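Engineer: structure here, sequence nowhere to be found:
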């Protein structure tokens with residue numbers, strides 16, 4: 001095994017052994033909270049994020065996801081129409097103010113769900129898509145489980161209280177990140193600040209949309225049993241953080257705590273680009289080939305989320321079995337890029353051959369074998385600096 005080392009930081013201190021680095025954290029009045037860097041999936045803050053909670057109107061994120069999926073599959077269109085049932089009309093809580101028998105488009109209903117948080121609108125969508133709300137909620141649960149939100153169980157499409165209607169802060173973050181990733185063409189609805197229907201104008205209940213911090217979604221919620229909660233998405237300089245908080249005692253507490261945590265996340269952590277997709281990371285030794293080496297590259301951009309004060313300790317190494325033996329085809333996996341930070345689990349990314357190396361003829365293979373016996377194959381060296 002050959003290990004070639006990269007020094008990430010420009011400071012010489014990055015070469016010195018260091019103890020495990022202290023974990024950054026921030027106090028919050030939320031009962032449950034999680035803050036995630038959406039690019040890397042790194043959790044920056046975790047407070048009881050796997051604890052069951054009542055999702056309240058944050059449920060409607062999954063209601064929107066399930067509807068978006070049907071739209072993207074071509075099974076429905078934004079102009080498709082549903083009829084308002086008596087059951088939907090009688091839903092308690094926040095409303096779009098639909099009337100029984102009204103014919104409403106899916107686009108109107110989605111705005112009623114996302115911007116106005118209408119429980120009536122959520123029910124119309126559920127009944128129109130699946131025939132009844134429970135069948136729709138079962139589909140919501142199935143889709144949530146498929147994306148990794150394994151502790152979630154939806155009973156309805158609105159988030160109205162039911163002891164069986166539960167999720168976690170972690171699951172809400174997973175669902176929200178998937179919605180943003182899977183449906184960018186529809187996600188902009190979550191950033192709209194107001195919507196008028198039936199002559200009634202209602203503002204978006206997400207308080208962060210009205211602050212200059214880069215918020216573009218996602219959804220607030222409240223139940224007496226679960227308190228005030230929120231899923232928030234904020235982008236600054238192209239970097240997105242996803243926050244879930246729940247269990248606050250007031251709307252003001254929810255808003256101030258969410259803003260505080262998000263500012264902390266952007267101020268205390270950096271998203272570092274180690275290498276871009278297709279960029280050559282190292283040159284690896286090859287035996288029995290027409291050349292003595294092959295260039296190794298990553299297939300995708302490699303990002304690391306790290307506390308700003310810890311960047312000088314960030315290191316990367318290339319690990320591979322040396323020498324590689326020809327023939328090697330372009331795209332073959334030839335090693336791995338290993339990222340290490342003291343006290344953190346190593347992160348690994350596969351490396352692929354940037355070009356093919358054919359097997360050499362007999363005479364050249366003998367020459368290469370003698371070369372390996374003379375010069376050996378074990379080495380460890382600092383060969384490059386990666387900037388960020």
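Structural biologist: Cool, the structure landed. Here the structure is a predicted model, which means the values were calculated and not measured. Residues are numbered from 1 along each chain as shown.
Engineer: okay, residue 343: pLDDT?
Structural biologist: For residue 343, the model assigns a pLDDT of 79.
Engineer: revised request: answer the last question for residue 299.
Structural biologist: So residue 299 comes in at 96 (pLDDT).
Engineer: who touches it in this structure?
Structural biologist: With contact set as Cβ atoms under 8 Å, 6 or more residues apart in numbering, residue 299 has these partners: 277, 278, 350, 352. Bear in mind the C-beta positions are built from the backbone N, C-alpha and C, glycine included.
Engineer: same thing but 6 Å
Structural biologist: With contacts taken as Cβ atoms under 6 Å, 6 or more residues apart in numbering, residue 299 has the following neighbours: residue 352.
Engineer: just the helices in the stretch 1-150 of the chain please.
Structural biologist: For the stretch 1-150 of the chain, the helices defined by DSSP state H, counting those that start in this stretch cover 60-72, 86-89, 106-114, 119-130, 133-146.
Engineer: quick check: which of those has the most neighbours on average?
Structural biologist: Sort the helices of the stretch 1-150 of the chain by mean neighbour count, taking mean count of other Cβ atoms under 10 Å, and helix 119-130 sits at the top with a mean of 26.
Engineer: ok, and what's touching that one?
Structural biologist: 60, 63, 67, 82, 84-85, 88, 91, 93-96, 98, 109, 112-113, 133, 136, 157-158.
Engineer: give me the low-pLDDT residue ranges for the stretch 101-250 of the chain?
Structural biologist: The model of the stretch 101-250 of the chain has no residue with pLDDT under 70.
Engineer: residues in contact with stretch 256-276?
Structural biologist: 24, 26, 28-30, 35, 39, 44, 230, 232, 234, 236, 239, 241, 243, 245, 281, 298, 301-308, 386, 388.
Engineer: rerun at 7 Å
Structural biologist: For stretch 256-276, the external contacting residues (Cβ atoms under 7 Å, 6 or more residues apart in numbering) are 24, 26, 28-30, 33, 35, 37, 39, 44-45, 208, 211, 213, 230, 232, 234, 236, 239, 241, 243, 245, 248, 281, 298, 301-308, 311, 316, 339, 386, 388.
Engineer: quick one: residues contacting the spatially closest residue to residue 193 that is not a sequence neighbour.
Structural biologist: Distances taken as Cβ to Cβ, 6 or more residues apart in numbering put residue 204 closest to residue 193, at 5.0 Å, once the chain neighbours are dropped. Counting by Cβ under 7 Å, 6+ apart, residue 204 touches 115, 192, 193, 194.
Engineer: looking at the residues you listed, which one is closest to residue 253?
Structural biologist: Among the contacts of residue 204, residue 193 lies closest to residue 253 (Cβ to Cβ), at 22.0 Å.
Engineer: any idea how far residue 183 is from the residue nearest to residue 193?
Structural biologist: 18 Å (Cβ to Cβ, to the nearest Å).
Engineer: if we can go back for a sec, in strands, which of the contacts of residue 204 appear?
Structural biologist: residue 194 (DSSP state E).
Engineer: now the helices for the stretch 201-350 of the chain?
Structural biologist: Using DSSP H, counting those that start in this stretch, helices in the stretch 201-350 of the chain cover 251-268.
Engineer: neighbours of residue 267, how many?
Structural biologist: Neighbour count for residue 267, taken as other Cβ atoms under 10 Å: 10.
Engineer: per-residue pLDDT of it, please?
Structural biologist: 97.
Engineer: kindly report the same for the one 5 residues further on.
Structural biologist: Model confidence at residue 272, given as pLDDT, is 92.
Engineer: any regions of the stretch 251-388 of the chain where pLDDT drops low?
Structural biologist: For the stretch 251-388 of the chain, the ranges with pLDDT under 70 are 362-388.
Engineer: what do you get if the cut-off is 50, keeping everything else the same?
Structural biologist: 377-388 (pLDDT under 50).
Engineer: all strands of it, in order?
Structural biologist: 269-275, 280-287, 293-297, 302-307, 315-320, 324-325, 333-340, 347-353, 382-385 (DSSP state E, counting those that start in this stretch).
Engineer: okay, those strands in TSV with distance to residue 198 and mean neighbour count next?
Structural biologist: As requested, the strands of the stretch 251-388 of the chain are exported to TSV (distance: least, Cβ to Cβ, whole Å; neighbours: other Cβ atoms under 10 Å):
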stretch	distance to residue 198	mean neighbour count
strand 269-275	44	19
strand 280-287	59	20
strand 293-297	57	21
strand 302-307	45	20
strand 315-320	58	20
strand 324-325	69	17
strand 333-340	55	19
strand 347-353	52	18
strand 382-385	62	13
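Engineer: go through the ones you listed and name the closest to residue 153.
Structural biologist: Between the strands of the stretch 251-388 of the chain, strand 302-307 lies closest to residue 153; by Cβ to Cβ that is 30.6 Å.
Engineer: what's the burial count for residue 201?
Structural biologist: 9.
Engineer: gap between it and residue 311?
Structural biologist: 47 Å.
Engineer: likewise residue 76?
Structural biologist: 47 Å.
Engineer: go on, residue 51?
Structural biologist: Relative to residue 311, and taking Cβ to Cβ, residue 51 is found at 32 Å.
Engineer: the two: which has the busier surroundings?
Structural biologist: The neighbour comparison of residue 51 against residue 311 (other Cβ under 10 Å) goes to residue 311, with 18 against 15.
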